[in-house]
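In: Turn this into a structure:
(chains A, B and C)
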Amino acid sequence: MRTLQQVKNELKDYQGEKIAIMEVCGTHTSSIFKNGIRSFISPQIQLISGPGCPVCVTSATYIDKIIDYSLQENHCVLTFGDMLKVKGNNLSLTEAKAIGGSVRMLYSPLAALKIAKENKHIQFVFAAVGFETTAPIYALLLEEIIKSKIKNLKLLTAIKTIIPAITYICDNEKSIDAFLCPGHVSVITGSSVYNDLAKKYHKPFVIGGFEGEHILAAVYEIFQQVLSKQYSAKNMYVSVVSEDGNQKANAIIDKYFKHTDDYWRGIGVIKKSALRLKEEYLDFDAGSYFDEYLENSPINCRCKDVILGRINPTDCPLFKRTCTPLSAIGPCMVSTEGVCGIWYKNREVQQ
Amino acid sequence: MKIDISYGSGGKQTSDLINNIFLKHFHNKILNKLEDAAVLSVKGKIAFTTDSFVVSPLFFKGGNIGKISVCGTVNDLLMMGAIPKYLTASFIIEEGTEFETIEEIVHSMQVAAREAKVLIVAGDTKVVEGNGGIFINTSGIGEIIKKGVSIANCHIGDAIILSGNLGEHHAAIMSKRMEIENDIMSDCAPLTAIVKNLINNKINVCCMRDVTRGGLATVLNEIAASSMCGVHINEDALPISLEVRGFCNVLGLDPLYMANEGKMVTVVPQKQADRALEIVQKSKYGKNARIIGKITDGQDVYMTTRMQGKRQIDVLYGEGLPRIC
Amino acid sequence: MCVAVPGKIIEINGDKAKVDIMNNIVEVNIRLVSVQIGDYVLIHAGCVLEVLKKDLAEEILWMFNELQEGANENSSAG
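Out: As a prediction, the model looks like this:
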């Protein structure tokens, strides 16, 4: 029988060729560190963090715009805690607050409704960032805004879809052998989206949950597939991920949003990777269509290579030298879930 | 009735405020004299500290800004092996604050001071423009009963005792802000009994540190840096309530980095560890104490995780904010 | 990238429900799912995303059983 201990032993004793596994989701990265997983598997099994921190891949131009809103008279920006620390080309929302910006942190986008109704004289802008997981919640918010005829709440969207980003990496980064697919995005998309990817790219695509055991089991499944050279998509998070995903959620996303090309900070444009409000709902949009993206790319910053899994954060010349969580240079250092931020704060130990 | 700017004028209204609220609750022989400064007698060496309190919301489950302002300074004195004797209390009150609010806060301060056996012997009040906020500074003096207690005094092999559950103050405050209903109470408390009992029972305490802002992770890193040693803890040994775990899961927070207001870390020689643990557990506010790890060689803080992995624990960077996406 | 937690539905009021997450009660929107009181659900940013089909303990047991099969296939192949 395969016990947790046996799985750990096999993953630890492996001495074959290197296996590079990209965990796409930032919450996976965080859980890998919290559980110290790297410390008890073979260094030949590399866990490489991908582009799945929405805050890190949100363009600096977007952040500059949301900061402008926070500083406008009679305006207030509503946002998740995640967005407060990330810098645009000049400031972060936290810094904007210090010079008089109006910013409120919320747990749920839907809490914005009550706040807007209670403060009719203030124009609220919700910083709608996130991936497929959060998109239907913004759709619900929009539906309520329309239904309740709320005039003082708009969305500035930077909603991205992760599947096109995975495809982009498959096309451009040959060094990644397998993908640990994002569990909560898959709740919405369904597991079937990975079937074609597995066939096309001949790689394992394994959906995992977020407990240490989930991740270990998913890594082990990938390990088995690589050894047996039989690659497939496999759902290891069956408690919440179904074959077809959440149909109601997808229907409401399709009702309000359309797929457009999008700019990923540190990467560039990825085709059909954004969800933006359809033309008929642009009255509720605070200007999410940008003509161009200005990015003061810091010299020597290698966030792009980090996000694409080409290097580990420790390979970047700025990491821990000039780029630290307190004075972040690249976008991956600024967010709690940014790859570099997580690597900085959590060093695992090879035993 | 609400405070307006005239209560900070130094005239009749200021003296009414002092008499009707501050003296009414804090009254003692030294304060009652209303001199420009308190005249105090102390024995031997003293510890002296100050702290300012800016909590929002002012009231939360398990306490309020007043209780914290007494406990915080009392605990800082205790951590140096000192028995707290006297506190000062300065209030900066924004106009628009209800008298009842001030009185409730002051009353809580007196209750906490009585429990910690300290006298509030001097104070000050200012009223500023604003909208109902209160900020409190307390300073305190304590008489040293155990010399040499220091964050720089830990040695390889010493045991690390944590006095109880992590994260409760932070979770109580954040629950109110984020509108999450639970029974989590702030752990805000004076740790006098634990410290007195350890010292009176001849435990050779090397270091004591209250675990406040920055959480356990930050305290352990401070110990490692000051004592030039390593620290090793076990995740399985950390006392954390089910509610706080659930709360952390909802908001993506880590209990290692959450603030507490009535918890301390004690470092004791290994051979006294079990006895010290028993003493802490039998003391008020120490029931859930655990030995969480030990001092090692090296220079960093490591934790053996629930899955028997090993990871480094760094200090808190910036503010520990809830994350959703 | 997306923090989501399991909880139990304890009260339903139209499109809203109260869920219990390890003794923390949070009000959530249930428009994206069909739920009943007593259901365990996955919650993200104040919204139920899905009804849980297994609990965590069951899922972990299931996962390692799955792995066993994989390993057996492998050893028989090798």
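In: Please enumerate the strands of chain C.
Out: Remark: strands of chain C, listed N- to C-terminal, are C:5-13, C:16-21, C:24-29, C:40-44, C:47-51; assignment by DSSP state E.
In: Tell me the buried residues in the third one?
Out: When you say that, I think you mean strand C:24-29. When neighbours are counted by 16 or more other CB atoms under 10 Å in any protein chain shown, the buried residues of strand C:24-29 are found to be C:24-29. Heads up, the C-betas are built off the backbone N, CA and C, glycines and all.
In: I'd guessed B:His25 sits against B:His107; true?
Out: Yes: judged on CB atoms under 8 Å, B:His25 makes contact with B:His107 at a distance of 5.5 Å.
In: Now find how far off-centre the helix ranked longest in chain B is within its chain.
Out: Counting by DSSP state H, the longest helix found in chain B is helix B:99-116. Between the mean C-alpha location of helix B:99-116 and the chain-wide mean there is a distance of 16 Å, by CA atoms, centre = their mean, to the nearest Å.
In: same check, this time on stretch B:38-58
Out: Computed by CA atoms, centre = their mean, the separation of stretch B:38-58 from the middle of its chain amounts to 12 Å.
In: Run through who's touching it.
Out: Contacts to stretch B:38-58, defined as CB atoms under 8 Å, 6 or more residues apart in numbering or on different chains, come from residues B:30-31, B:64-65, B:68-69, B:72-73, B:76-77, B:80-82, B:85-86, B:88, B:101, B:105, B:121-122, B:133-144, B:147, B:173, B:176-177.
In: Could you list which of those residues belong to strands?
Out: Secondary structure from DSSP E places B:64, B:82, B:85-86, B:88, B:121-122, B:134-144 of these in strands.
In: residue contacts, residue 37?
Out: In the absence of a named chain, chain A is used. A:Ile37 makes contact with A:47, A:212, A:215-216, A:219, A:348, B:307, B:309 under the criterion CB under 8 Å, 6+ apart.
In: that's the other chain; I wanted chain C
Out: When contacts are counted by CB under 8 Å, 6+ apart, C:Ile37 touches C:9-12.
In: Surely B:His170 touches B:Ala259?
Out: Yes: at 4.4 Å, B:His170 and B:Ala259 qualify as touching, with contact defined as CB under 8 Å.
In: I'd like the strands of chain C as TSV, with mean pLDDT and distance to A:Val334 appended.
Out: Shown next, in TSV, are those (pLDDT from 0 to 100; distance: least, CB to CB, whole Å):
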stretch	mean pLDDT	distance to A:Val334
strand C:5-13	96	25
strand C:16-21	97	28
strand C:24-29	96	28
strand C:40-44	96	22
strand C:47-51	97	26
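In: got the ones you listed as TSV, with distance to chain B columns?
Out: Converted to TSV, the strands of chain C look like this (distance: least, CB to the nearest CB, whole Å):
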stretch	distance to chain B
strand C:5-13	4
strand C:16-21	5
strand C:24-29	4
strand C:40-44	7
strand C:47-51	11
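In: Save the ones you listed as CSV, and put in distance to B:Gln13 too.
Out: Rendered in CSV, the data for those read as follows (distance: least, CB to CB, whole Å):
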stretch, distance to B:Gln13
strand C:5-13, 49
strand C:16-21, 47
strand C:24-29, 44
strand C:40-44, 51
strand C:47-51, 51
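In: what's the spacing between the closest residue in space to A:Glu292 that isn't next to it in sequence and chain B?
Out: Take A:Glu292 and drop its neighbours on the chain: the residue closest to it by CB to CB, 6 or more residues apart in numbering or on different chains is A:Thr61, 7.6 Å away. Relative to chain B, A:Thr61 is positioned 19 Å away (criterion: CB to the nearest CB, to the nearest Å).
In: Now do the same for the residue in the stretch 151-300 of chain B that chain C sits nearest to: helix, strand or coil?
Out: Residue of the stretch 151-300 of chain B nearest chain C, by CB to the nearest CB: B:Gly246 (2.5 Å). Secondary structure for B:Gly246, judged by DSSP: H, G, I helix; E, B strand; the rest coil, is helix.
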